[in-house]
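J.: here is a sequence together with a model predicted from it:
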Amino acid sequence: MLPTTDQASGCATFVDEWVRAGLTDAVMAPGSRSTPLALALAEEPRLRVHVHHDERAAGFAALGLGLATGRPAILLTTSGTAAAELHAAVVEAHQGHVPLLVCTADRPPELQDVGAPQTIDQTHLFGRAVRWFCAPAMTGGMAGRTAEGSSAGSSPGGATSPASSSWRSVASRAVAMASGVPPGPVHLNLAFRDPLVGRPGEIPAGRADGRPWHHLATTRANLADRDLLALVGRLAGRRGVIVAGGGAGEPSSVHALARVAGWPVLADPRSDCRLPRPTTVAHADALLRQPAFARAQRPEVVLRLGAPHASRAVGAWLAGPGAYQVAVAPPGVWWDPDRTADLVVAADTTTLARQLTRALGEHGAEPAWLKAWSEADARAEGAIDAALRSRSDMTEPGLARGVVAALPAEATLVIGSSMSIRDVEWFAAPRAGVRMLANRGANGIDGVVSTALGVALAATGETGRSGTRRRTAALVGDVAFLHDATALLGATARDLDLVVVVVDNRGGGIFSFLPQSAKLAPARFEQLFGTPHDVRIEELAAAHGIASTTVETPDALEPAVRSATEAGGVWVVVARTDRGANVAVHDELNTAVATALAG
């Protein structure tokens, strides 16, 4: 019979409290020191447990679950460098405002600084990138409770450990802090002693009504009347634009405000506002690269809802002089990379949009303002579509456009951070029914396949309004795919649907758009930035038992994506493009837009 230990009781208490708080998923990597919590998680039938071989992939899978659901996933690793492997995912969760509950096992104090294996300093391991750090006591003594019921840190007869009175509080607070405003990662560092394999005794009672130990109240209160009137005075009757990024708020509320104000919505893919609406502008990047249009459509006011766009052209245009700029973000978030905001409003974006809609009433801009934007965007859409249809080769803009068009309704698309997110933002046509996610907190290529896997895990068992299973796809570059190849380990054994579309241009395509490409000798550029690889991605997928298909022409792309999506399970679609021609293709599309606007 397994011994009853304080730390087994503590872990069981944690898990019970987390389930009370509504958590549904735990992600872990194998390890010895984390055994007490791993057993408690695995033995809780109300949790789904996902085991990953690689800690880095596990971290981003947990991040993907939080990104998709809005609630933290529990993430568990053993001690030492295993814990350090989570840092990239923690940073992305911090800067991307994704809830995440990180639990790292650790060695007890008596094994610190004495050369014990797998022991590093894990106190505040992730620095300021967490909402809260805590190292709760998990045992009452050196060895925990024995099989006979005595304990080095407890009185004879099995009295409660001194730590037990705080276990529910710590567990509940961790969820509350991870889910707060803004959400983000929380780090619990748990020092476990031998024996690591044990069973829980009687755990401290929870709230009688089944609710969590703590409830963190957050407010979505309306802007004070005085502040609202002052803001409306700045906006009413003026030529303005709404720049909608990730976290812009409920799309229907954003577009309702745009209709009343008579303003266009410059919609980033992650905003969920990129819908086929009269107020949507999908091709702001291409439009604002045209000097005449950018000058003519200079706004008097700018309302920025959510995170900044990926487009440098949009950013440079916003940074130009003249417009009164209002940046709206949740309390504790400061989205103003160019330091151009005249007013920063800490508020819920949806609530503020609804307030402004009611307050503006009939005091919008003249109709010609929105009409000019709408007509220009329609011309840009037509020019991009015609230019891409005229080509017989696979291009990266055409690929991004085709993947978005091919996905079924109620699908989710996870987009890589380099060229993929930019090509979707610049060239994909507006459409309803596809949710778009990306790791744009720190903008790295780290863990994008693992993130997509986590998003797909969140959709497992869910059906949309149509009654069909929700599907997940990812659009990533080949370097990002190879960078996260361990995400493929065991993927086919998981009950999920995921289609990963890989842009295979044999290297780092985004660097060709940067000054290094023109200023360095071709051989040196390829060595340091192009970094070509000779990996056959189809063979890498096959090594993991994953089915793949390869497309090399535009006509084959959408049927391949649809077929893989309908088939279900895990698929890789490899789309081959010419990295050397990619910059020229982008230039041609911008020229086509310029010609359409001039005509």
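T.: Happy to help now that I have it. Residues are numbered from 1 along each chain as shown.
J.: quick check: which ranges of this structure have low pLDDT?
T.: By pLDDT under 70, the low-scoring segments of the chain are 140-165, 461-468.
J.: now with 50, please.
T.: Along the chain, the model assigns pLDDT under 50 to residues 141-160, 162.
J.: got the domain boundaries for it?
T.: 6-191, 225-376, 391-598 (automatic domain parsing).
J.: possible to save the ones you listed as CSV with mean neighbour count and distance to H214?
T.: In short, each C-beta sits where N, CA and C put it, glycine included. Below are the domains of the chain laid out as CSV (neighbours: other CB atoms under 10 Å; distance: least, CB to CB, whole Å):
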stretch, mean neighbour count, distance to H214
domain 6-191, 21, 4
domain 225-376, 20, 19
domain 391-598, 20, 25
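J.: dump the ones you listed into JSON lines; add distance to R199 as well.
T.: Formatted as JSON lines, the domains of the chain follow (distance: least, CB to CB, whole Å):
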{"stretch": "domain 6-191", "distance to R199": "6"}
{"stretch": "domain 225-376", "distance to R199": "41"}
{"stretch": "domain 391-598", "distance to R199": "28"}
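J.: so which of the ones you listed gets nearest A208?
T.: Closest approach to A208 among these is made by domain 6-191 (11.6 Å; CB to CB).
J.: off-centre distance for the closest one?
T.: 22 Å (CA atoms, centre = their mean, to the nearest Å).
J.: and the next helix or strand past the helix or strand hosting A58?
T.: A58 is located in helix 55-69, with elements delineated by DSSP states H and E. Where DSSP H and E defines the elements, the next helix or strand beyond helix 55-69 is strand 73-77.
J.: what helices or strands is that following strand leaning on?
T.: With contacts defined as 3 or more CB pairs under 8 Å, 6 or more residues apart in numbering; DSSP states H and E, strand 73-77 has these neighbours: strand 25-28, helix 35-42, helix 55-69, strand 100-106.
J.: show me what the last one is packed up against.
T.: Just to be clear, that refers to strand 100-106. By 3+ CB pairs under 8 Å, 6+ apart, strand 100-106 packs against helix 35-42, helix 55-69, strand 73-77, helix 81-84, helix 87-96, helix 164-178, strand 185-191.
J.: among those, which is nearest A406?
T.: helix 55-69 (20.5 Å).
J.: show me what contacts the residue positioned nearest the centre of the chain?
T.: Closest residue to the average C-alpha location of the chain: N439 at 4.2 Å, with CA atoms, centre = their mean. N439 is in contact with F60, L63, L67, E92, G96, S417, D446, G447, V448, T451, counting by CB atoms under 8 Å, 6 or more residues apart in numbering.
J.: backbone dihedrals for it, please?
T.: As for N439, its main-chain torsions (degrees, to the nearest 10) stand at phi -90, psi 80.
J.: gap between it and L125?
T.: As judged by CB to CB, to the nearest Å, N439 and L125 stand 21 Å apart.
J.: picking up where we left off before, V314: which of the helices and strands packed on strand 100-106 is closest?
T.: Closest among the helices and strands packed on strand 100-106, using CB to CB: helix 87-96, at 19.6 Å.
J.: got the angle between the closest one and strand 185-191?
T.: Angle, helix 87-96 to strand 185-191, by axes from the mean of the first three to the mean of the last three CA atoms, to 10 degrees: 140 degrees.
J.: which residues does helix 87-96 contact?
T.: For helix 87-96, contacts defined as CB under 8 Å, 6+ apart pick out 56, 59-60, 62-63, 66-67, 75, 98-100, 102, 125-126, 129-131, 184-185, 187, 439-442, 444, 446-447.
J.: neighbouring contacts of the helix ranked longest in the chain?
T.: For the chain, the helix with the greatest residue count under DSSP state H is helix 367-389. Outside helix 367-389, the residues within contact range by CB under 8 Å, 6+ apart are 239, 241, 258, 262-264, 278-284, 286-287, 293, 296-297, 395, 397-398, 401, 427, 429, 554, 588-589, 592-593, 595-597, 599.
J.: swap in stretch 204-218?
T.: Stretch 204-218 is contacted from outside by 13, 16-17, 20-21, 160, 164-165, 167-169, 171-173, 175-177, 179-181, using CB under 8 Å, 6+ apart.
J.: please apply the same query to stretch 189-200.
T.: 1-5, 7-9, 11-13, 32-37, 39-40, 103-109, 122-123, 125, 133-139, 142-145.
J.: what's the offset of that stretch from the middle of its chain?
T.: In this view, stretch 189-200 has its centroid 33 Å away from the chain centroid, taken as CA atoms, centre = their mean.
J.: now do stretch 307-320
T.: On the basis of CA atoms, centre = their mean, stretch 307-320 sits 20 Å off its chain's mean C-alpha point.
J.: could you do stretch 264-276 as well?
T.: Relative to its chain's centre, stretch 264-276 lies at 17 Å (CA atoms, centre = their mean).
J.: now swap in stretch 252-264 and tell me
T.: Computed by CA atoms, centre = their mean, the chain-centroid distance of stretch 252-264 equals 26 Å.
J.: return it as PDB; C-alpha atoms alone will do.
T.: The C-alpha coordinates for stretch 252-264 follow below in PDB (Å, rounded to 0.1, in the frame of the first residue of the first chain):
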ATOM      1  CA  SER A 252     -20.600  43.300 -33.900                       C
ATOM      2  CA  SER A 253     -20.000  46.100 -31.400                       C
ATOM      3  CA  VAL A 254     -17.000  47.500 -33.200                       C
ATOM      4  CA  HIS A 255     -18.800  47.500 -36.500                       C
ATOM      5  CA  ALA A 256     -21.900  49.100 -35.000                       C
ATOM      6  CA  LEU A 257     -19.700  51.900 -33.700                       C
ATOM      7  CA  ALA A 258     -18.100  52.200 -37.200                       C
ATOM      8  CA  ARG A 259     -21.600  52.600 -38.800                       C
ATOM      9  CA  VAL A 260     -22.700  55.300 -36.400                       C
ATOM     10  CA  ALA A 261     -19.400  57.200 -36.700                       C
ATOM     11  CA  GLY A 262     -19.100  56.800 -40.400                       C
ATOM     12  CA  TRP A 263     -15.600  55.400 -40.100                       C
ATOM     13  CA  PRO A 264     -13.800  52.400 -41.700                       C
END
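J.: what's in contact with it?
T.: 235, 239-242, 244, 248, 265, 271, 273, 275, 277-281, 303, 305, 349-350, 353-354, 356-357, 360-362, 364-367, 369-370, 373-374, 377.
J.: what distance do you get for D106 to A432?
T.: Distance of D106 to A432, computed by CB to CB: 48 Å.
J.: SS state for V98?
T.: coil (DSSP: H, G, I helix; E, B strand; the rest coil).
J.: got it, and V345?
T.: Using three-state DSSP, the secondary structure recorded for V345 is strand.
J.: which SSE is the closest residue in space to it that isn't next to it in sequence in?
T.: Nearest non-adjacent residue to V345, counting by CB to CB, 6 or more residues apart in numbering: V328, 4.6 Å away. Assessed by DSSP H and E, V328 sits inside strand 324-329.
J.: restrict that strand to CA atoms and write it as CSV.
T.: Output of strand 324-329 as CSV, limited to C-alpha atoms (Å, rounded to 0.1, in the frame of the first residue of the first chain):
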residue,chain,number,x,y,z
TYR,A,324,-5.7,62.8,-32.3
GLN,A,325,-5.2,59.2,-31.3
VAL,A,326,-7.1,57.3,-28.6
ALA,A,327,-5.6,53.9,-27.6
VAL,A,328,-8.0,51.6,-25.8
ALA,A,329,-6.7,48.5,-23.9
